[in-house]
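Peer 1: give the three-dimensional model of this entry:
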Amino acid sequence: MMTEQLPALQILITMIAAPLCVLVRNARAAWIIAILANGFACWVAWQLLQQVLDTGVIRYALGGWAAPSGIEYYVDTLNASVLLLVSGISFVVLLYAYSSVTKAVPLTKHYLFYAAWLLCVTGLMGIVITGDAFNVFVFLEVSSLATYMLISFGDDRRALTASFRYLVLGSVGASFILIGIGFLYAATGSLNMVDLSQRIPDSESQRAVLVAFSFITMGVLIKAAVFPLHAWLPNAYTHAPVAVTAFLAGTATKVSLYVLLRFFFSIFGEQYSFGQLLLNGVLLPAAVAGFVLMSLVAIFQTDLKRMLAYSSVAQIGYIVAGFSLASQAGLTAGIVHIVNHAMVKTELKHSLHLDYTKVNPKNGKEDTIYLQALVKLGLGNRFCFSLSYFFPIGSNSPIIF
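Peer 2: Numbers count the residues shown, from 1 in each chain. A predicted model of the protein is given here:
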């Protein structure tokens with residue numbers, strides 16, 4: 001019986017744990033609740049992946065209402081893997097987050113921090129697991145609002161500015177996605193993703209479908225921080241608490257890239273997106289410009305967190321370039337690099353909390369201190385940081401070598 005309810009439990013546990021953190025109003029207790037909830041979510045994701053590999057696609061009717069009338073959770077190999085990636089990264093970062101969070105966030109606000117963290121995880125996993133297009137928007141808003149709050153917990157006033165900028169641009173992206181979903185519903189009369197993929201080719205309102213495609217494309221590209229729509233990301237990653245940066249770097253943009261995959265290849269279809277509308281003519285130049293220009297910008301940064309932030313935008317360009325080829329090899333490369341970049345960039349960013357006070361001094365000698373700190377964090381005293389550079393070596397090659 002429990003096995004049948006795993007898709008619902010994937011979302012339910014972290015959603016319930018968030019208000020529990022607020023109720024206990026204790027820093028260490030909230031941290032333990034967050035770890036236990038994330039650990040359970042990680043276990044559920046692993047079970048779902050094993051079940052999909054053994055029996056095939058899982059379709060779970062929420063509340064017993066069958067699709068397309070009801071909301072459906074749809075689990076296949078791809079999103080089960082992304083669920084495991086998101087929950088696993090969140091769990092690992094949380095295990096080591098308490099000390100770094102204590103430095104950035106007052107103890108009296110820790111319960112709010114971990115509640116927001118759990119809501120963010122809930123939203124990200126909900127985006128991945130849902131088979132309903134409007135549900136994607138709902139969970140997107142849940143994760144986004146929690147993310148704005150997490151970024152604002154940074155110990156610098158600039159964190160508030162970065163959070164506000166992300167709120168403005170993120171709201172624009174979410175609004176575009178909502179408008180696009182509304183046009184899809186007007187054109188097809190359905191919100192179920194599987195049903196949409198079957199109805200779109202036969203829809204009599206192809207102009208509405210085109211408008212929906214345009215709005216959703218712009219919205220998802222903003223959320224994924226694809227160049228040149230990446231303006232929110234560098235400051236958000238730089239001024240947020242280190243644990244938040246490590247978590248978001250490995251999850252937030254990766255989930256948005258997953259949404260891009262789902263809409264372009266599963267709902268609208270490859271033939272419509274890349275054959276009829278020639279989307280690769282837009283995505284490929286943007287991706288190439290992104291990984292070239294953002295790698296160059298990253299080279300000249302003296303703040304390690306900002307350097308890694310621009311590197312993240314460059315790596316997103318590599319992933320989108322693979323997707324824009326609309327081939328099996330391109331998709332495989334893009335998906336593999338999503339996993340690769342999520343793990344490597346999370347490790348790089350999280351390792352900074354070990355000695356970040358030395359990396360980011362305020363004595364006016366930033367360039368010299370940054371280089372000294374990089375040496376200390378590299379081949380000498382910080383094995384985890386140096387290992388991140390070389391395993392796998394290709395992930396960050398544009399800014400390291």
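Peer 1: would you mark the buried spots in the host helix or strand of Gly182?
Peer 2: Gly182 belongs to helix 158-188 when elements are defined using DSSP states H and E. Buried residues in helix 158-188, defined by neighbour count with 16 or more other CB atoms under 10 Å: 159, 162-163, 165-167, 169-170, 172-174, 176-185, 187-188. Bear in mind the C-beta positions are built from the backbone N, C-alpha and C, glycine included.
Peer 1: mind checking the pLDDT average for it?
Peer 2: Mean per-residue pLDDT for helix 158-188: 90.
Peer 1: same check, this time on stretch 111-129
Peer 2: Average pLDDT, stretch 111-129: 92.
Peer 1: restricting to C-alpha, output it in CSV.
Peer 2: In CSV, the C-alpha atoms belonging to stretch 111-129 read as follows (Å, rounded to 0.1, in the frame of the first residue of the first chain):
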residue,chain,number,x,y,z
TYR,A,111,13.4,28.0,12.1
LEU,A,112,12.2,30.4,9.4
PHE,A,113,15.3,29.6,7.3
TYR,A,114,14.7,25.8,7.5
ALA,A,115,11.0,26.2,6.8
ALA,A,116,11.8,28.2,3.7
TRP,A,117,14.4,25.6,2.7
LEU,A,118,11.8,22.7,3.0
LEU,A,119,9.2,24.7,1.0
CYS,A,120,11.8,25.3,-1.7
VAL,A,121,12.6,21.6,-1.9
THR,A,122,8.9,20.8,-2.0
GLY,A,123,8.3,23.2,-4.9
LEU,A,124,11.3,21.9,-6.9
MET,A,125,10.2,18.3,-6.5
GLY,A,126,6.6,19.2,-7.3
ILE,A,127,7.7,20.8,-10.5
VAL,A,128,9.5,17.7,-11.5
ILE,A,129,6.9,15.1,-10.5
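Peer 1: any buried residues in stretch 28-45, and which?
Peer 2: Result for stretch 28-45 [16+ other CB under 10 Å]: buried residues 29-35, 37-45.
Peer 1: grab the most central residue of this structure for me.
Peer 2: Centroid check for the chain by CA atoms, centre = their mean gives Ala252 as the closest residue, at 1.6 Å.
Peer 1: how about the backbone phi and psi for that residue?
Peer 2: phi -60, psi -60 (degrees, to the nearest 10).
Peer 1: per-residue confidence averaged over the strand or helix carrying Leu20?
Peer 2: Per DSSP H and E, Leu20 falls inside helix 6-24. Mean pLDDT, helix 6-24: 90.
Peer 1: before we move on, what about stretch 77-87?
Peer 2: pLDDT averaged over stretch 77-87 gives 91.
Peer 1: and what of stretch 296-304?
Peer 2: pLDDT averaged over stretch 296-304 gives 83.
Peer 1: surely Ala208 and Gly182 touch.
Peer 2: No. In this structure, Ala208 is not within contact of Gly182 by CB atoms under 8 Å, at 9.5 Å.
Peer 1: just the CA coordinates for stretch 169-188, please, in CSV.
Peer 2: Extracted C-alpha coordinates of stretch 169-188, given in CSV (Å, rounded to 0.1, in the frame of the first residue of the first chain):
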residue,chain,number,x,y,z
LEU,A,169,12.7,38.9,-12.9
GLY,A,170,11.3,35.7,-11.5
SER,A,171,7.8,37.1,-11.3
VAL,A,172,8.1,38.2,-14.9
GLY,A,173,9.2,34.7,-15.9
ALA,A,174,6.5,33.0,-13.9
SER,A,175,3.9,35.4,-15.4
PHE,A,176,5.0,34.5,-18.9
ILE,A,177,4.7,30.8,-18.0
LEU,A,178,1.2,31.3,-16.6
ILE,A,179,0.0,33.2,-19.6
GLY,A,180,1.4,30.5,-21.9
ILE,A,181,-0.4,27.8,-19.9
GLY,A,182,-3.6,29.8,-20.1
PHE,A,183,-3.3,30.0,-23.9
LEU,A,184,-2.6,26.2,-24.0
TYR,A,185,-5.8,25.5,-22.1
ALA,A,186,-7.8,27.9,-24.3
ALA,A,187,-6.5,26.0,-27.4
THR,A,188,-6.8,22.5,-26.2
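Peer 1: in stretch 311-319, what's buried?
Peer 2: So, applying 16+ other CB under 10 Å, buried residues of stretch 311-319: Ser311, Ser312, Val313, Ala314, Gln315, Ile316, Gly317, Tyr318, Ile319.
Peer 1: now tabulate the residues you listed in JSON lines and tack on pLDDT and secondary structure.
Peer 2: Formatted as JSON lines, those follow (pLDDT from 0 to 100; DSSP: H, G, I helix; E, B strand; the rest coil):
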{"residue": "Ser311", "pLDDT": "87", "secondary structure": "helix"}
{"residue": "Ser312", "pLDDT": "87", "secondary structure": "helix"}
{"residue": "Val313", "pLDDT": "90", "secondary structure": "helix"}
{"residue": "Ala314", "pLDDT": "90", "secondary structure": "helix"}
{"residue": "Gln315", "pLDDT": "90", "secondary structure": "helix"}
{"residue": "Ile316", "pLDDT": "90", "secondary structure": "helix"}
{"residue": "Gly317", "pLDDT": "89", "secondary structure": "helix"}
{"residue": "Tyr318", "pLDDT": "90", "secondary structure": "helix"}
{"residue": "Ile319", "pLDDT": "90", "secondary structure": "helix"}
